[in-house]
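Asks: What follows is a protein structure lacking sequence information:
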């Protein structure tokens, strides 16, 4: 796993140079990094999932990674859709765009950060990758530095998710100290106390745009459509749902875990769906639909229905990413995303 993360880091560092040499065609070459991770995931899952492994790092932190069924599902989504989005970007962006190198580097770095997040088997290591996704999502949402709307949307997402991330860090430290270990695979039911559970949920709910933290996701539609397809359908917004699914068994005995997650998920599901019915911009319509479906996912995982949640997690990543990419095609062909201006599509 460390080799795959290094591959993403090298690809991200080389992205500006490749963009100067190859233009938008460099995205096809950059797609090889998530493609390698996708192939590795399929290979390891077909041959039997490996045991977790770890390497000592700085400050007593372990570079611990683990592929279990939930991690395989998330890794396949993150890497597989990452490949498709990068290939789609070859034709989406105009040739000669000054931001091609910046976009390619941030996108591959984000994919590597998500890969590390969903395979991390250490609470503190998970937090490191969690915050890396926040930083790279800020760069991707604010892709157009001359657009005030993009800058405001990027800052809004950064502030809300960073606040949730810092709150979550406090919960992770409390959970690790109480359990006597920071290894996620070693956590048992009852190891996460009520205070730690609520703090961790705050981070998960902000990342997945659950009410009352939903406003940053529709605003982030100022980003290019490939960014929306990846971050806001298949990757970043799934991180909070993944955290609820991952730590749910260890927090199963905490009444507040379900009492907070399920009602807020239900409210988000209803409000997001209702707001989607009033939208006329196709991307914002899909954004509010995503908010609603994220609420549904939190209800499923928060109430302990892991298998149903996993099925919905996979289904949503596939259909919503595809819908965003189709909207990008429609926008390019028709020059508009307004429903009232489109006919015969």
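Replies: Looks like it came in fine. Because the structure is a prediction, the values reported are computed rather than measured.
Asks: Let me see the mean pLDDT of the helix of greatest length in the chain.
Replies: In the chain, assigned by DSSP state H, the helix with the most residues is helix 148-179. Across helix 148-179, the average pLDDT comes to 90.
Asks: and if you look at stretch 239-248?
Replies: Per-residue scores along stretch 239-248 average to 91.
Asks: neighbouring contacts of it?
Replies: Stretch 239-248 has contacts (Cβ atoms under 8 Å, 6 or more residues apart in numbering) with 70, 74, 114, 117-118, 126, 130, 133, 168, 175, 184, 187, 192, 200-201, 203-210, 257, 261, 294, 297-298, 301-302, 304, 306, 309-310, 313. In this view, the C-beta of every residue, glycine as well, is placed from N, C-alpha and C.
Asks: again, only using 7 Å
Replies: 70, 74, 117-118, 130, 133, 184, 192, 200, 204-205, 207-208, 261, 294, 297-298, 301-302, 304, 306, 309, 313 (Cβ atoms under 7 Å, 6 or more residues apart in numbering).
Asks: Show me how far stretch 293-305 is from its chain's centre.
Replies: 16 Å (Cα atoms, centre = their mean, to the nearest Å).
Asks: List the buried residues in that stretch.
Replies: 293-303 (16 or more other Cβ atoms under 10 Å).
Asks: I'd like the residues you listed as CSV, with distance to residue 248 appended.
Replies: Below are the buried residues of stretch 293-305 laid out as CSV (distance: Cβ to Cβ, whole Å):
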residue, distance to residue 248
293, 18
294, 16
295, 16
296, 15
297, 12
298, 10
299, 12
300, 10
301, 6
302, 7
303, 9
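Asks: what packs against the helix or strand that contains residue 38?
Replies: According to DSSP states H and E, residue 38 maps onto helix 32-46. Judged by 3 or more Cβ pairs under 7 Å, 6 or more residues apart in numbering; DSSP states H and E, helix 32-46 is in contact with helix 2-22, helix 69-92, helix 100-119.
Asks: if you average pLDDT over it, what comes out?
Replies: The average pLDDT within helix 32-46 is 87.
Asks: the inter-axis angle of the strand or helix carrying residue 196 versus helix 148-179?
Replies: Using DSSP H and E, residue 196 falls within helix 194-207. Using axes from the mean of the first three to the mean of the last three Cα atoms, to 10 degrees, the inter-axis angle of helix 194-207 relative to helix 148-179 is 160 degrees.
Asks: Mind giving me the packing neighbours of helix 194-207?
Replies: Counting by 3+ Cβ pairs under 7 Å, 6+ apart, helix 194-207 packs on helix 148-179, helix 236-247, helix 255-276.
Asks: Need these in a markdown table (columns: distance to residue 65 and mean neighbour count).
Replies: Formatted as a markdown table, these follow (distance: least, Cβ to Cβ, whole Å; neighbours: other Cβ atoms under 10 Å):
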| stretch | distance to residue 65 | mean neighbour count |
| --- | --- | --- |
| helix 148-179 | 17 | 19 |
| helix 236-247 | 13 | 26 |
| helix 255-276 | 26 | 18 |
